[in-house]
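Visitor: Quick check, what structure comes out for this input:
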Amino acid sequence: MNLILWSILFLSLGGLFSLLPGLPKKTEKAIIVISIGAASLLIGYASIINLTGAAVIPEEVRFLWQVPLGSLFFRLDPLSALFLLPLCILPLLCSIFGHRYLQSHGGRGKAHWFFYNLLISSMVLLLTSHNSLLFLLAWEGMTLSSFFLILHNHGIRKVRKAGILYLSASHIGIAALIPLFILLGKYWGGYDFQVGTLAFENPGSGIILILAIVGFGLKAGIMPLHIWLPEAHPASPSHISALLSGVMLNMGIYGLLRILSFFKTLPASWGIVIILLGIISSLFGIILALIQKDLKRLLAYSSIENMGILFIGIGTGVLGAGLGIRSLLILGFTGTFLHMLNHSLYKGALFLTAGSILQGTGTTNMEKLGGLLKKMPLTGLAAILGTHTICALPPLNGFLGKAALYLGYLRSITGGNIVAAAVSGLLIFLLVLVGGLTLAAFIKFFAIPFLGSPRAGEGEKAREVHKDLYAPALILSFFGPVVAFSTPFLYPILEKPLLLFVPISKQILQEEFTVFSEMLLSILLISTCFLVLLVLLFGLRLYRIRNRIIGYEETWGCGYLSPTPKMQYTGSSFVEPLETLFRSFLHIKTDQSLPKEYFPKESFYNKRSADPVYKALVPLFKYLHLFIRKLKWVQHGRIQLYILYILITLIFLLFWIL
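Guide: Okay, the predicted model is just below:
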């Protein structure tokens, strides 16, 4: 645990030193990269040692804290250590990308890196806090630092609007977390975390679950609590989008898991509720991703879909615990942990790839792009690997979490429990449906910008970016096969986190994981052989045509004699057959002026769709705004009355205690 505290110190010092005036850009970059690199090494070492059981460092540290409600209590347990692992990789690579990216996009570099390091240290502090007040302070530090990072380009009205929406949603979330921890403190008789001490039969346990889902679900971006996420990610610099999606969203998942770990037993009904939220988020998240024209908005809605899959995994584990079905229990939580780790890697890589495209072309609107693979081959390679991974296709790591869930469902179907069999069959169908839609969305993500011909000037002027921009995305992408092939041997790392939620013997746990490992090895072997065969066939083709002159012709354009790049498929036309299936949900509106003459002067056709949840909440926010404006008289600027408010509050609390 001491190593974790040292890492927080390195991050804090790095952020403070970056504020020094007159620092050259290279020195500023060195300070940030070295501080984050040193912290990453310490966090990684401490986490691996904790997870593998070879701990030789103190697991907890407690300082005297003369503040009501608790002490400075830090503890590194297996769940914290597992969620710390993405913080060993992503922040360092994003910082390398970010320094080069900001050189072209300008802005407040010094303040940016101060808040960047503050965000990382807040998340490390959050994951190791074992006191309610300390946890909430770290949560608020994470919220405020990420708010200022989102507002980096604050001169743009759309960015300011996204930042305010994010801050508003975050404070609604913390308004749910404060009563949550007060209620937990009532049961504990204190405010230090106590794992495995609560019974779900206690009065108020249902309220605890609701408050946890609202508070942590808002941060995770689970639907319908997601409204800030599709606005904040496109507004942020690309390396901040990668960090928010790859790491910060995990904090919402961690918070929910931490609350669940406080209970000795978990009811099946809780699992059903969490699964339903996961189904809504994953299905409608990927449907909305499918129709996006902006690369970063597509990735943002994809993050909502992936958070939904994590909720499905958590709900599956809770359902298995409630019904006493060990395959659902073990493989549900195994799938959750694996998908969390892998989503951090491939979503970080894809957001950085989108940033490289923005840097190389000046836009992330895929309808204006095309033919980038020839002009940006290394960025294209990162995009190929990233899209292959997010589509959950072996032998890369994106399929690992879903494979665990599929195996759990298949084993529970044959287990004899009717409820489990029905839920498992439904979830297999839904995951397959979501997987198919994901495949369509990310074929669009790659094919429209990278294949074909440039559709507009942005595609024409494209150029490959500096290595500091494409190299981090490539490194994250190449983690895919490494993680995939090492997963069957990762049982020692997953065992301890699983035992927090799986109250069975280590032998049974290992037996279940052995079955999963054998299945994984078979899938990896078959898929690898298939890929090797494809590479050999491609090599044979290149060998056969090595001495030939290759001619290129225009694609047949239905007899039109003068085809142009604008006649290619756009992203919208590519997904239109799927779009029609969900037209009523998407509320699609069309703006058009169709040709009416033989030689029309102008015509246009444009489709647009708003997020239905956001659209439904806009009137509510308007009424809320009017109500708040009527309360402005409370904030009048007179300090005497502010002191009176505090006195009245203290008197009320005194009577409450008495």
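
Visitor: Is it correct that Phe351 is in contact with Leu299?
Guide: Yes: with contact defined as Cβ atoms under 8 Å, Phe351 counts as touching Leu299 (5.8 Å). Placement of C-beta: from N, CA and C, glycine included.

Visitor: So which of these two has more stuff around it?
Guide: Neighbours were counted for Phe351 and for Leu299 using other Cβ atoms under 10 Å; Phe351 has more, 32 against 29.

Visitor: how about that one, what does it touch?
Guide: His233, Ser238, His239, Ser241, Ala242, Ser245, Gly246, Lys296, Leu299 (Cβ atoms under 8 Å, 6 or more residues apart in numbering).

Visitor: quick one: Ile227 from Phe10, how far?
Guide: From Ile227 across to Phe10, the span is 36 Å (Cβ to Cβ, to the nearest Å).

Visitor: same thing with Tyr470?
Guide: In terms of Cβ to Cβ, Tyr470 sits 28 Å off from Phe10.

Visitor: CA-only coordinates of stretch 539-551 in CSV, if you can.
Guide: In CSV, the C-alpha atoms belonging to stretch 539-551 read as follows (Å, rounded to 0.1, in the frame of the first residue of the first chain):
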residue,chain,number,x,y,z
GLY,A,539,1.1,-13.9,-49.8
LEU,A,540,0.5,-16.5,-52.6
ARG,A,541,-1.6,-13.9,-54.4
LEU,A,542,1.1,-11.3,-54.2
TYR,A,543,3.6,-13.8,-55.4
ARG,A,544,1.5,-14.7,-58.4
ILE,A,545,0.9,-11.1,-59.5
ARG,A,546,4.4,-9.8,-58.8
ASN,A,547,5.3,-9.3,-62.5
ARG,A,548,1.9,-8.2,-63.7
ILE,A,549,0.7,-4.7,-64.5
ILE,A,550,-2.4,-4.1,-62.4
GLY,A,551,-5.0,-1.8,-64.0
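
Visitor: Contacts for it next, please.
Guide: So stretch 539-551 is contacted by nothing (Cβ under 8 Å, 6+ apart).

Visitor: how far is it from where the chain is centred?
Guide: Its chain's C-alpha centre and that of stretch 539-551 lie 43 Å apart, by Cα atoms, centre = their mean, to the nearest Å.

Visitor: roughly how far apart are Met157 and Leu151?
Guide: Quick fix: residue 157 is Arg, not Met. 12 Å.

Visitor: mind listing what's buried in the host helix or strand of Gly44?
Guide: Assigned by DSSP states H and E, Gly44 belongs to helix 25-52. Of all the residues in helix 25-52, those buried under the rule 16 or more other Cβ atoms under 10 Å are 28-29, 31-32, 35-40, 42-44, 46-51.

Visitor: Tell me the helices and strands packed up against it.
Guide: Helix 25-52 is packed against helix 2-17, helix 78-84, helix 90-105, helix 109-128, helix 491-499, with contacts defined by 3 or more Cβ pairs under 8 Å, 6 or more residues apart in numbering; DSSP states H and E.

Visitor: Which stretch among those helices approaches Gly190 most closely?
Guide: helix 109-128 (18.5 Å; Cβ to Cβ).

Visitor: If you count neighbours, what's buried in the closest one?
Guide: Buried-residue list, helix 109-128, by 16+ other Cβ under 10 Å: 109, 112-128.

Visitor: all strands of the protein, in order?
Guide: Assignment of strands within the chain using DSSP state E yields the ranges 60-67, 70-75, 589-593, 604-608.

Visitor: Can you add mean neighbour count and distance to Pro449 and give the ones you listed back as CSV?
Guide: Output for the strands of the chain, formatted as CSV (neighbours: other Cβ atoms under 10 Å; distance: least, Cβ to Cβ, whole Å):
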stretch, mean neighbour count, distance to Pro449
strand 60-67, 11, 49
strand 70-75, 20, 45
strand 589-593, 9, 24
strand 604-608, 11, 19
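
Visitor: a markdown table for those strands, including mean pLDDT and distance to Asn342?
Guide: A markdown table is the format used below for the strands of the chain (pLDDT from 0 to 100; distance: least, Cβ to Cβ, whole Å):
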| stretch | mean pLDDT | distance to Asn342 |
| --- | --- | --- |
| strand 60-67 | 74 | 29 |
| strand 70-75 | 82 | 26 |
| strand 589-593 | 75 | 37 |
| strand 604-608 | 72 | 33 |
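
Visitor: now these as JSON lines including distance to Gly539?
Guide: Shown next, in JSON lines, are these (distance: least, Cβ to Cβ, whole Å):
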{"stretch": "strand 60-67", "distance to Gly539": "56"}
{"stretch": "strand 70-75", "distance to Gly539": "54"}
{"stretch": "strand 589-593", "distance to Gly539": "47"}
{"stretch": "strand 604-608", "distance to Gly539": "42"}
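
Visitor: domain assignment for the chain?
Guide: 266-507, 612-657 (automatic domain parsing).

Visitor: before we move on, back to that, out of Tyr470 and Phe10, which sits in the busier spot?
Guide: Tyr470 (26 against 22).

Visitor: in this structure, which segments are predicted with low confidence?
Guide: 1, 54-58, 66-70, 105-108, 552-563, 658 (pLDDT under 70).

Visitor: Test my guess that Ser517 contacts Pro488.
Guide: Yes: Ser517 is within contact range of Pro488, at 3.7 Å (criterion: Cβ under 8 Å).

Visitor: Phi and psi next, for Glu597.
Guide: Note on Glu597: its backbone torsions stand at phi -130, psi 170 [degrees, to the nearest 10].

Visitor: what about it, neighbour count?
Guide: Neighbourhood size, Glu597 [other Cβ under 10 Å]: 7.

Visitor: Now do it against Pro21, distance only.
Guide: 65 Å.

Visitor: check contacts around Ala176.
Guide: Contacts of Ala176 by Cβ under 8 Å, 6+ apart are Leu211, Ala212, Val214, Gly215, Leu218.

Visitor: Return the member of those nearest to Gly141.
Guide: For the contacts of Ala176, the closest approach to Gly141 (Cβ to Cβ) belongs to Gly215, at 15.9 Å.
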